[in-house]
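**Student:** With the input below, show me the fold.
(chains A and B)
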Amino acid sequence: MIEPNSHQRGLRQSIDWALIAVYLLLVFIGWINIYASIHSTDPASIFDWSARSGKQFIWMLTAFFLAVMILFVIPPKLWEGLSIPMYLGVLVLLVAVIFLSKDVKGSHSWFELGPVKFQPAEISKITTSLLLALVMSQQNYKITRWKDFFLTVAIIGLPMLIIVAESETGSALVYIGFIFVLYREGLSGWWLALFGMVIALFIGTLTAGAYWSIVGLGGILALSSAFMGPSKEFWRRLGIGLGFVLLMSLLPGVISHLGDAVSAKMAFLENRVWVPVAGEKGGYFWSFLADIKPVYIVLAVTLPAVPVLLWKAYQKKDSFLAIAVGAFILGVALVFSTDYIFQNVLQPHQRGRIEVLLGLKEDLAGVGYNVNQSKIAIGSGGMFGKGFLHGTQTTFGFVPEQSTDFIFCTVGEEWGFFGCLVVILLYVFLIIRLILDAEKCRSSFTRIYGYCVAACVFMHLFINVGMTIGLMPVIGIPLPLLSYGGSSLWAFTILIFIFLALYRDEKKYF
Amino acid sequence: MKQDYRHIRLIIGLGAVVLLLLGKLFSIQILSGSYKEDADRNSTVYETIYPTRGIIYDRNGDILVGNKVAYDIMVSPREVKEFDTLALAAVLDVTPEFIREKMADFNRRKRAIGFQSVTMMRTLPAETYMRFDEVKYRFPGFKGQVRSIRQYPVNAGGNLLGYVSEVNQAYMDRHPGEYRSGDYAGMTGIEAAREADLRGEKGYHIYLRNARNQIQEPYMGGAEDKEAIPGKDIVTTIDASLQQYGQELMQNKVGSIVAIEPSTGEILALVSSPGLDVNQLADIGKYYGEIVSNPYKPMYNRAVQASYPPGSVFKLVNGLIGLEEGVLRPEMMYPCSKGYHFGAGHKLGCHAHKSPINMEESIMMSCNAYYCYVLKNILDNDKYDTVADGLDHWREMVMSFGFGRKLGSDFPAELSGSIPSSKTYNRAYGKGRWNSTTVISLSIGQGEILATPMHLANLCATIANRGYYYIPHIIKDSEGLEIDARFKEKQYTMVSQEHFPKVIKGMWRAVNSGPGAGGTAWIAHIDSLDVCGKTGTAQNPRGADNSVFICFAPMDNPKIAIAAYVENGGFGATYAAPMASLMVEKYLKGETSRPALEKRMKEADLMARVKRD
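**Tutor:** Predicted coordinates:
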C-alpha cells in the first residue's frame, strides 16, 4: 500500500518558484521606481514611512504575508467553495462604494477606512475570476450553448457595469480581457474577430469617418469571403470586393465635384430676383441633390444586396457568407451609432482622451498633457536611461501620477529602452508561465482560473504601458505589482498566489 | 479543446501586442531625438544673470553714472491662483485695470509662455518692491527679479550721458546676435558711444526645475553655469562740476555750450538745452511720450546736432584764410561806414565803431565791412580763374578746420553742418551767374554756412593751439581701455601756424580792451585770466538773433576752449559771452567771482522767445 504522502512532492517541485521569483522581482522593481519617482532633490530614505516608498514597503510586507497565508495556510480547496459568496459579497461592496465613498476625481470607487483606502474594483477581479472558473469548469458547461454563454457574459458584465457606474471605466475595460479566457475554453474565434471589428470600426468612424469605415468594412468582408469561401467562387468574390473598394474610393471625389456644380446652381437659384417658392420644382430638386452624402450612395448600393446574399448563403449552406453579411449589417449599425455613443455616452474627459489619442485634437496643455509629458519622460531615457534617481522628468514631477499609473515613465526615463524591455519581458514571462502552468493542470477550475489571472495581467500591462507611450487613451489603471498602492498590490498578489496554491495542490498529488 | 492549440494562438497574440509596445518604445526612446530636447526644455531653466553696467566717471574720478538696484515683477501664469487684484494693485502702485489687462494678455499667451516667467512690471524702486515682498506669499506665481539700473549722482545732462533702455526688435536687427529680448542697451549719448564696453557679458545659472516651475537644484551642480562679466568702467573727459554748472547756466534757454581742453581735444562739458533730466533717464520708458511730445525737443542734442549759422565768430576763419592766402596783412586798414556798400545801393550793415581799422581792431570790434573786403579778396584772387574756383579753394581751407563735416568724435549722432561750394551757388543762380558779392554774407558767417556748437568749440581749440586741433572726444584712456589713436593725432589746418597769433591778439583785445574801447566782449573779461574771445550775433530767421561766443583762456598755454550758442539770445555779448566767461572762470579758478552776472544768467528765461515747431 502506498502512502498518499509518499506521492506528495516536496516544496521544491510543487511550487512554481520561477513564477514567485518573477513576482518578487517585479515588486522590487516597482518599489525602487516608486522611490525614484517621489525622490526629489532632498532625498528621504527609501524606508521613510511618510513617503510612498516607505508605505509601499509596508504594503509589500503585508502582501508577502498574504502570499504565504494563501500558499501554505489557507486550504486551496476553499477557493472553489467560496467563489459564489465572495463574488456576491464583492458585488454588494461595489454597489455600496458608489453611495459611501467620497468623490475622487469624479470617480466613486474608494473605501476609506481611516488612513487605509481600498478599491473593491481590484478585489472584484479575483472574485470574478474565481466564479468564472467555477462556472466554466462544471461538467455540463458548454460555452457554445447560449444559456451557458449568457451566464458567463453576465458574470463578467455585472461587476463591469457597476464599475462603469463608479466612473472607473478604465478598471472596467480590464474585464474585456476575459474574452481570451472564453476563447481558450471554446468560444468561437468569430466572437474575437467581431470584437476586434467593433473596436476597429469605433476608431475608424472617429478618425476616417463613417464613409471610409463602411467602405473598409465592406472591402475586408468581401475579400475574406473570397479567401474563406468555396474556391470556385474565389475570383468572382475577389473581383467584386476589389471593384467595390475601388469604385467607392473614387466616389467622394465625384460627389464633391458634382457638389460644387450643385452648390453653384443653388447659389444661382438663390440669387435670382425672385426667391424660389414652395412648389417651384427646380428649387427642391437642387437642394435635395446638395444634401446627398457619399455614405448614402454606399448604403444604396450595398443594402439591396443584403437579402440576395442571405438567400444565396441559405441555398448554398455557405455559413461564412451569412456571417459576413450579418457582420456588415452590425458594422453599419455600429458606425452610425458610434457618433451617438461618442457624443452622448462617453463623458467629456473620456471623449477628450480618445480624441487626443486618435490625433483628432492636439491639446498639450489639457488632456494631452499627461500623455505628452509621459512620452517625453520615456523618450528622453534613450537606450540605457539616465540612471537610478537621475531622471529629470519624473523626479521633478512633470509626469502626473508618476508613482501610480505612470510608474512606467520612471522605468523608461531612468533605465531606458533596456529597462523597459526587461520589465516587459518579465511580464511576458509571467503571463506565458501562467498560461503554460494552467495548461498543465488537470483540474479545469485551476486552468480557467490561471487563464483569468493571465488575462488580467495582460490587460493591465497593455493598457497601462500603451497609455504611457501614447498607444492607448489615458485610462487610469495601475501597472500590476509595480504601481504604488496597496489595493492593487494586494489584489494581484492574491490573484497570482491563489493560482500558485491551486497549482501546488494539483502537483502535490499527481 | 486543447487539440487546436488555442493557448499557442493566444501566446502568439501576446507576442504581437508586446512587439507593438516594444516597437513604439523603440521609436520614441531610440529613434526620435525630439523627446530628449523636450525633456531638457521641460526641466532646465536658464536664469539670466544680468551684468552690472560699467560705471561712468568724470575726468576727476567722480561718478557721473552709477548703478542702483531695482526690481522687476515677474509672473508665471501657470502658477497664478485666484488673487486679490485690488490688493496687488495697491501694493504695486498701479491700477487694477493694469493688472487685469496684463493677466488677460498673459493668459492669452499661456501656451507660448509655458512654464516660463514673463515680466509684468519693470524697474520698480526698492521701496515698492519691499512692500510687495512682504505680501507676496498671497500672490503665488508672482515674484521679483533683481536688476541693476542706472543712477545719476550728478545732473550732467541727459543728452550727454544718454539713456539705457530695453532693446526693441529694430535694435536687435541692427546688432544681430548680440542682444535678446529683455536686454538693455545704451541708446544715446555716452551710454551708446561706449555700449560695447559698458554692457559687460551676461551670464546664466542653469537650474533643474519641477513641473510647477519651482527651481530644484543647479544643473550638474552648477558646472555649466556662466558668471556674468560686469561692464567695464569708463572714464570720460567730462568735468562733472563744469558740466553741471553749464546745465544751470543754460536752464530756460535753448542752445548749447561745448568746452574742450585744447591740448588734448578732450571735451570738458557738453551742454544741450533744453535737455533730459537725469531723473527721467533711469526710467526713460515712463517719460518717453512726454519727452517726445515736448515742443522744445529735449532729446535733440544741440551740441552736436544743431546746425547754426556761426555768425561773426566765423570772421576768424576768414581772417586766417586771408592771411594764409596773402590777400590780408594784419596792418591793412579798411573803412567801415556802418556797413559795406556794394552794387547799386546794396549794403551789408555794421554797427558804429571807428574807421578805418586794421585786422586786430576788426576782430576786437567785429567789423562786418572789413571781412567783406577780406572775403572778396580771397574769392577774387588772381590765383584762381573764376570766383567758383576761389570759393571751392576757400571751402577746402574752411573744411580743414573741421567745418562742413563730422569731426569724427566718439560721441554718437554727431552731424556735419555744411559749407557751401560752387555747386551750391551754381544750382541756386546758374553757372557763372554769381560772383563774390553774391556770396558776401559768408564773410560774416551768415548765409549758407552751418556749423554745430561742437564745430565752433573745435575752432576755438584750434586757434588756442595756434593751428591744430585734436579730434574732440569724450572718453579718456583708463585701465584696460585705450581710446582710438586718431584722438591723439594733431589735425593741422591749411592755415600756417604763424598766422594764428595775429588773430589771437584781436581776440585778446576784444575781451581785454577795457570798457569804452570798443571791444565787443568786455563782459567776458576775467581778472588775471587772459581770456581771448570772439562774439557772434547770428541772424535767426525765426526771431531774435542768436547769441554766439567762443573763447579760450589763458592766452598762453590755454586750458579751456569754449563755444556758447544761445538761440534768440540777441548779441553775442548778451548771453553767450557772459556764460562762456563764467564757465572759464569756474573751470580755471574753481569758483566764480561775479554773483550778479551769474544770477542774471541763471535766471534769464528765453523760452518764450523761442519759436516752437
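**Student:** Now residue B:335: phi and psi?
**Tutor:** Dihedral angles of residue B:335 (phi, psi; degrees, to the nearest 10) stand at phi -80, psi 160.
**Student:** Nearest spatial neighbour of it, chain-adjacent residues omitted?
**Tutor:** In space, and not counting its chain neighbours, residue B:335 is closest to residue B:356: 4.4 Å by Cβ to Cβ, 6 or more residues apart in numbering or on different chains. To be clear about C-beta, it is placed using only N, CA and C from the backbone, and glycine gets the same treatment.
**Student:** Residue B:57: neighbouring residues, count only.
**Tutor:** Residues contacting residue B:57 under the criterion other Cβ atoms under 10 Å in any protein chain shown number 20.
**Student:** That one contacts residue B:237, correct?
**Tutor:** No - Residue B:57 is beyond contact range of residue B:237, at 10.4 Å (criterion: Cβ atoms under 8 Å).
**Student:** For the residue of chain A found nearest chain B, list the residues it contacts.
**Tutor:** Closest to chain B within chain A is residue A:379: 2.5 Å, counting by Cβ to the nearest Cβ. Contacts for residue A:379 (Cβ atoms under 8 Å, 6 or more residues apart in numbering or on different chains) come out as A:412, B:28-29, B:32, B:34-36, B:38-39.
**Student:** if I look at the closest residue to it other than its chain neighbours, how far off is residue A:377?
**Tutor:** Once flanking residues are discounted, residue A:379 sits nearest to residue B:35: 2.5 Å by Cβ to Cβ, 6+ apart. Residue B:35 is 8 Å from residue A:377, where distance means Cβ to Cβ, to the nearest Å.
**Student:** the more surrounded of the two?
**Tutor:** Neighbour totals were compared for residue B:35 and residue A:377, and residue A:377 leads with 33 against 23 (other Cβ under 10 Å).
**Student:** so that one sits in a helix?
**Tutor:** Yes - judged by DSSP: H, G, I helix; E, B strand; the rest coil, residue A:377 forms part of a helix.
**Student:** Touching, it and residue A:407? I think so.
**Tutor:** No - in this structure, residue A:377 is not within contact of residue A:407 by Cβ under 8 Å, at 11.1 Å.
**Student:** so where's the stretch 51-200 of chain A shaky on pLDDT?
**Tutor:** A:103-108, A:113-116 (pLDDT under 70).
**Student:** Show me which residues of it sit near chain B.
**Tutor:** Counting by Cβ under 8 Å from any Cβ of the partner chain, the stretch 51-200 of chain A comes close to chain B at A:180, A:183-186.
**Student:** Just the CA trace of stretch A:30-38, in PDB.
**Tutor:** This file holds the C-alpha atoms of stretch A:30-38, laid out as PDB (Å, rounded to 0.1, in the frame of the first residue of the first chain):
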ATOM      1  CA  GLY A  30       8.200  48.700  -8.600                       C
ATOM      2  CA  TRP A  31       9.400  49.600  -5.100                       C
ATOM      3  CA  ILE A  32      12.700  51.200  -6.200                       C
ATOM      4  CA  ASN A  33      10.900  53.000  -9.100                       C
ATOM      5  CA  ILE A  34       8.300  54.400  -6.700                       C
ATOM      6  CA  TYR A  35      11.200  55.700  -4.600                       C
ATOM      7  CA  ALA A  36      12.700  57.200  -7.700                       C
ATOM      8  CA  SER A  37       9.500  58.800  -8.700                       C
ATOM      9  CA  ILE A  38       8.900  60.500  -5.400                       C
END
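**Student:** can you list the residues that contact it?
**Tutor:** Under Cβ under 8 Å, 6+ apart, the answer for stretch A:30-38 is A:46, A:51-53, A:56-57, A:60, A:388-389, A:391, A:394-395, A:399, A:402-403, A:407, A:409-411, A:414, A:479, A:481-484, A:489.
**Student:** Of those, keep whichever come out buried.
**Tutor:** Buried subset of those (neighbour count, 16 or more other Cβ atoms under 10 Å in any protein chain shown): A:46, A:51-53, A:56-57, A:60, A:389, A:391, A:394-395, A:399, A:402-403, A:407, A:409-411, A:414, A:479, A:481-484, A:489.
**Student:** Doesn't residue A:246 belong to a helix?
**Tutor:** Yes - Residue A:246: assigned to a helix according to three-state DSSP.
**Student:** how many neighbours does it have?
**Tutor:** Using other Cβ under 10 Å, residue A:246 has 11 neighbouring residues.
**Student:** Also residue A:88?
**Tutor:** Other residues near residue A:88 number 12, with proximity taken as other Cβ under 10 Å.
**Student:** looking at this, it is in a strand?
**Tutor:** No - per three-state DSSP, residue A:88 lies outside any strand segment and is helix.
**Student:** hmm, back to that, any idea how far the residue nearest to residue B:335 is from residue B:379?
**Tutor:** When distance is defined by Cβ to Cβ, residue B:356 is 21 Å away from residue B:379.
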